[in-house]
Every structure is written in structure tokens, then in C-alpha cells.
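Asks: got a structure for you, letters missing:
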């Protein structure tokens, strides 16, 4: 039996989940692995619903169909979300090499412009550190991602019958696939109300100790024992509007250097404060014109090459999920993450941007704060 890692590109808050049966995260596990193995190891269109039920997987099959990982057409069951297998590794390894070289060259040709603009952020951190957060994270995994979505190169949204908006991406657990599913710099975690955020950007090679990841662990009742000190502090906060309380206190600390003691200690434990002072870059509303200029510069350098990379027919035609009729734009969403994640690795290796810190058991990442106004 194959095993899988599941990733969710979600556009909803956990409070939007009114029915536990609608929560895609609750569907992932060994039962899902069993069903997905059967579907992927059968020729497209030849895996029958009865076959899955006969093997005792009726509930799991129904659940995976309900959340949109699979779809049923008459009696046949197909993949309905991007699923990448070990057989797809040769394609992923080779498909972007020329495009990556051209993209990196285009950025280096405008290096002086990028560094000049990054210097105008004037937040006490060097251009390389700011470009790690702004170019690698906020732009390539944010505004530029939205830009190519607006140009219909990728899909970033699918509204399900449950009313929840999300995409599912699955990777088979295989060492050859880890490079693409876990070890690329393409994982943006933001504990945010839309205007203010604790944020970290890095890889997914571990359990990151940060506000966003901890909040998800807490909601699921799966806080690791190693984080018991953090959990005890967290539990002293008001149960209602915890996020708003933390973001309010963060904003107060940024503006005055003081905040409520529990929030101060949490920010210290999560690494945003060191020796009583902010230890990460802060991006404010007044800096948005500079951020916008960096976004436009990135579009000038990369859009044409990204469009070419994601529109190559041989790229998707060899992937099993494509042969199952999975949305090409949903597949392109994940392939874009592979593309810009590889680009980010090149930018780190060449010194164009700062090198993220590696934390044992957590992976590589760096943190920052967004403070562009009140929610």
C-alpha cells in the first residue's frame, strides 16, 4: 500500500466548518491511503466504486469523493485533485531546468534595482533578508501568485458543496518526492486577520514552531508534548477572539515596546522577540508602495518565463492525475510551487537573498511581521 502526505490550499477559517464531515483534514489517514492506492494503481476509468466498497473502503471512498479528492462518474472513480506519485519524479526533476536558468538570470540582471528598492524598506534589516521575505515569500507565494491566477495560469480556489473553498494536493510518501513536497522553500505560514500577521516562510521539512502551526495543532487537539509550556500560556488567554487579542498585543508592542505579559512571553517563545526586543523585520502600511514596486519588477522579470513553463504540454501530459482529468489549472498550482520553490533555492544558494535558519525537527524558515493597519 502506498502512503501519502496531504496538503491543503485553503481559503476558509476553521470556524467556517459547521459539519465535521466537511472538514477535509479529518479525512486524511490510513483509510485514505488505502483508497488512493487502489485508484492510482488502476488504469484511469477502470477503478469501480463497487471495487472500493467490496474491499471494505466504502466510508473512506465516500468521504474522499465528498471532499473532492476523488470523483465518481457513473460507476467509475477517478482522481479529482492533483496527486503526485514516485513515477512522476523524472518529470518534476527535468521539466523546469531551462526555465529556472532563465528566471534566475533575469533577476540577477535587475539585481541593483531589487536591492535599491529593498533598501528603501528601511526597517533595520539588509536587502538580502528583506528580499527573502518580500520576494521569495510575499511576492512569489502571494501577490505574483495572485497575478498569474488573474491571468488564468493557475487555479487558487475551488468552492465545494460544503461551502468551503480549498484545493487538495497529495504527494506519495517517497524519498525521491520529498524534495518537491517538503524540502523546497515554498511554505508560507501566516497567523493573520488580513491586515496584521505573524508570518514565517520556509520549507515544510518538519513541524514548524510558530503561531499559525501551533494554532492548527491546538484546534485539532494534537499539540506535541515538547510545546507544553507554550500550550499552558496559550490556555490562559481568553477563549474568544484569541487571534485578535494576540495581534492587538503584537501591534502594541511594535508601536510602544510594551504589551501584556502572556502575549510577550508567547512572542518570545515563538522567536519574534529576543532579549525583550523585536527580532524580526516588520512590514508596515507606509512601505506598501515599495512592496508594490518590487512586485511590478518581479512581473517584468518573470511573468513571460513562468507562463511558458506552466503552459508546456509535455509537463502535465505525463502526470497520472492529468490522465484522470484533474483540472489542469489545479495541477499548475502545485507545479508553480515546485517552480518557484526551486527558484528560491537557487536565490538562496547564490546569495541573492538571505539563507533561512535551520531548526532541528522544524525545517528551514525565517519570520517577519506584517502590520499594515487594523483589521
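Replies: Noted; the coordinates are in hand. Just so you know, these numbers come straight off a predicted model, no measurement behind them.
Asks: tell me where the protein has strands.
Replies: 4-10, 70-73, 76-79, 83-84, 166-172, 187-192, 196-202, 273-274, 277-278, 282-284, 357-359, 363-371 (DSSP state E).
Asks: pull the number of nearby residues for residue 167.
Replies: A count of neighbours around residue 167, defined by other C-beta atoms under 10 Å, yields 23. No exception for glycine: its C-beta is placed from N, CA and C like everyone else's.
Asks: contact partners for it?
Replies: Contacts for residue 167 (C-beta atoms under 8 Å, 6 or more residues apart in numbering) come out as 8, 9, 10, 81, 82, 155, 156, 157, 158, 330, 333.
Asks: repeat that for residue 232.
Replies: So residue 232 contacts nothing (C-beta under 8 Å, 6+ apart).
Asks: repeat for residue 181
Replies: 5, 7, 84, 171, 204.
Asks: what of residue 333?
Replies: 9, 82, 154, 155, 156, 167, 169.
Asks: how much space between it and residue 342?
Replies: 15 Å (C-beta to C-beta, to the nearest Å).
Asks: just the contacts of residue 333 now: which is nearest residue 143?
Replies: Residue 143 has its nearest neighbour among these in residue 156, at 12.2 Å by C-beta to C-beta.
Asks: around that closest one, how many other residues sit close by?
Replies: Neighbours around residue 156, by other C-beta under 10 Å: 17.
Asks: show me what contacts it?
Replies: Here residue 156 is in contact with 9, 11, 145, 146, 149, 167, 333 (criterion: C-beta under 8 Å, 6+ apart).
Asks: please pick the buried ones from those.
Replies: Neighbour-count burial (16 or more other C-beta atoms under 10 Å) is assigned, among these, to 9, 145, 149, 167, 333.
Asks: and the furthest pair within these?
Replies: Put simply, by C-beta to C-beta the two of those set farthest apart are 145 and 167, 12.5 Å from each other.
Asks: so who does residue 165 touch?
Replies: Residue 165 touches 10, 11, 12, 157, 158, 159, counting by C-beta under 8 Å, 6+ apart.
Asks: excluding chain neighbours, what is closest to the fifth one?
Replies: Spatially, and ignoring its direct neighbours in sequence, residue 158 is nearest to residue 167 (5.6 Å; C-beta to C-beta, 6 or more residues apart in numbering).
Asks: hey, what's that neighbour bridged with?
Replies: Counting by DSSP bridges, residue 167 forms beta bridges with residue 9.
Asks: so what's the gap between the helix or strand bottoming out on mean pLDDT in the chain and the chain middle?
Replies: Every helix and strand of the chain was ranked by mean pLDDT, DSSP states H and E. The lowest is helix 313-317, at a mean of 71. Offset of helix 313-317 from its chain centre (C-alpha atoms, centre = their mean, to the nearest Å): 23 Å.
Asks: helices or strands next to it in the packing?
Replies: In terms of contacts (3 or more C-beta pairs under 8 Å, 6 or more residues apart in numbering; DSSP states H and E), helix 313-317 is packed against helix 328-350.
Asks: could you list the buried residues of the helix it packs on?
Replies: For helix 328-350, by 16+ other C-beta under 10 Å, it's 328-348.
Asks: same thing with stretch 180-194?
Replies: 180-192.
Asks: returning to what we had before: which outside residues touch the least confident helix or strand of the chain?
Replies: 91, 95, 309, 322, 328, 331, 332, 335.
Asks: hang on, the earlier thing: nearest to residue 16, of the contacts of residue 167?
Replies: residue 10 (9.5 Å).
Asks: just the pLDDT for that closest one.
Replies: Looking at residue 10, its pLDDT stands at 85.
Asks: same deal with the one 10 residues further on?
Replies: Per-residue pLDDT puts residue 20 at 87.
Asks: quick check: closest non-adjacent residue to it.
Replies: Leaving out its chain neighbours, the residue that sits closest to residue 20 by C-beta to C-beta, 6+ apart is residue 26, at 6.2 Å.
Asks: close enough to count as contact, that neighbour and residue 32?
Replies: No - the criterion here is C-beta atoms under 8 Å, and residue 26 misses it with residue 32 at 10.2 Å.
Asks: what about the two, which has more around it?
Replies: Neighbours were counted for residue 26 and for residue 32 using other C-beta under 10 Å; residue 32 has more, 22 against 13.
Asks: would you list the strands of the chain in a markdown table and tack on distance to residue 41?
Replies: Below are the strands of the chain laid out as a markdown table (distance: least, C-beta to C-beta, whole Å):
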| stretch | distance to residue 41 |
| --- | --- |
| strand 4-10 | 13 |
| strand 70-73 | 14 |
| strand 76-79 | 12 |
| strand 83-84 | 12 |
| strand 166-172 | 11 |
| strand 187-192 | 29 |
| strand 196-202 | 34 |
| strand 273-274 | 50 |
| strand 277-278 | 52 |
| strand 282-284 | 47 |
| strand 357-359 | 36 |
| strand 363-371 | 31 |
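Asks: ok, which of those strands comes nearest residue 106?
Replies: With C-beta to C-beta as the criterion, residue 106 lies closest to strand 196-202 of the strands of the chain, at 21.5 Å.
Asks: of the contacts of residue 181 - the most surrounded one?
Replies: Busiest of the contacts of residue 181 [other C-beta under 10 Å] is residue 84, holding 26 neighbours.
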